[in-house]
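S.K.: Predicted structure and sequence below. I'll ask about it afterward.
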Amino acid sequence: MAYNLFGNHSGPGPKADHAFIADLARRMDKLPGEPFIAFAAGGFDWAESGKVASVTAEQAAELSQLSQEAPRRDAGSGSLYFHYTDDNNVKHTVWYADHVTLAQWIDDARQAGYEKIALWKLGGLGQETLKELNRY
């Protein structure tokens with residue numbers, strides 16, 4: 001399970017990053033058989049009030065329209081993140097995996113020798129993500 005490095009148990013950050021995936025792959029080398037590496041689509045929305053909500057990539061993209069800034073891509077994870085303020089003047093930070101992120105994570109797994117992947121929570125995948133997954 002290569003996800004929830006950050007999530008509802010923590011402050012803002014990516015579900016996974018390249019170092020986390022590489023470390024997991026090294027530890028998996030000891031497992032018998034042909035193990036899968038599981039990735040999670042979507043992300044989380046952390047409110048300044050302390051509330052954390054799971055979001056799909058589509059929901060995150062919609063929320064990004066409330067931001068004064070374009071989503072930025074984190075080099076260490078490939079994930080997108082942005083900040084916005086809701087109608088109640090509560091500040092939020094959103095991190096999520098889009099099709100580019102998932103492609104990078106799948107490539108990380110393949111470079112580590114793992115061809116088989118699983119994807120958690122298929123609902124809410126955008127068309128670009130579905131196209132990207134069809135490449136594999």
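M.R.: That came through, no problem.

S.K.: neighbours around Leu133, how many?
M.R.: By other CB atoms under 10 Å, 17 other residues sit near Leu133. From N, CA and C alone the C-beta is placed, and that goes for glycine too.

S.K.: So it: helix, strand or coil?
M.R.: helix (DSSP: H, G, I helix; E, B strand; the rest coil).

S.K.: OK, contacts around Phe36?
M.R.: By CB atoms under 8 Å, 6 or more residues apart in numbering, Phe36 lies in contact with 114, 116-118.

S.K.: Of those - the most surrounded one?
M.R.: Among those, Tyr114 has the most neighbours (other CB under 10 Å), with 20 neighbours.

S.K.: helix/strand/coil for that one?
M.R.: coil.

S.K.: Wait, it touches Arg27, no?
M.R.: No: with contact defined as CB atoms under 8 Å, Tyr114 and Arg27 do not form a contacting pair (11.7 Å).

S.K.: sec struct for Arg110, please.
M.R.: When classified by three-state DSSP, Arg110 comes out as helix.

S.K.: Please report how far it lies from Phe6.
M.R.: As for Arg110, its distance to Phe6 is 24 Å (criterion: CB to CB, to the nearest Å).

S.K.: of those two, who's got more company?
M.R.: Phe6 (22 against 15).

S.K.: who does the residue most central in space within the chain bridge with?
M.R.: Central residue of the chain (CA atoms, centre = their mean): Ala97, 3.3 Å from the mean position. Beta-bridge partners recorded for Ala97 (DSSP bridges): Gly42.

S.K.: That one contacts Ser79, correct?
M.R.: Yes: Ala97 is within contact range of Ser79, at 5.6 Å (criterion: CB under 8 Å).

S.K.: Overlap of the contact sets of these two?
M.R.: Jointly contacting Ala97 and Ser79 under the rule CB under 8 Å, 6+ apart are 14-15, 43.
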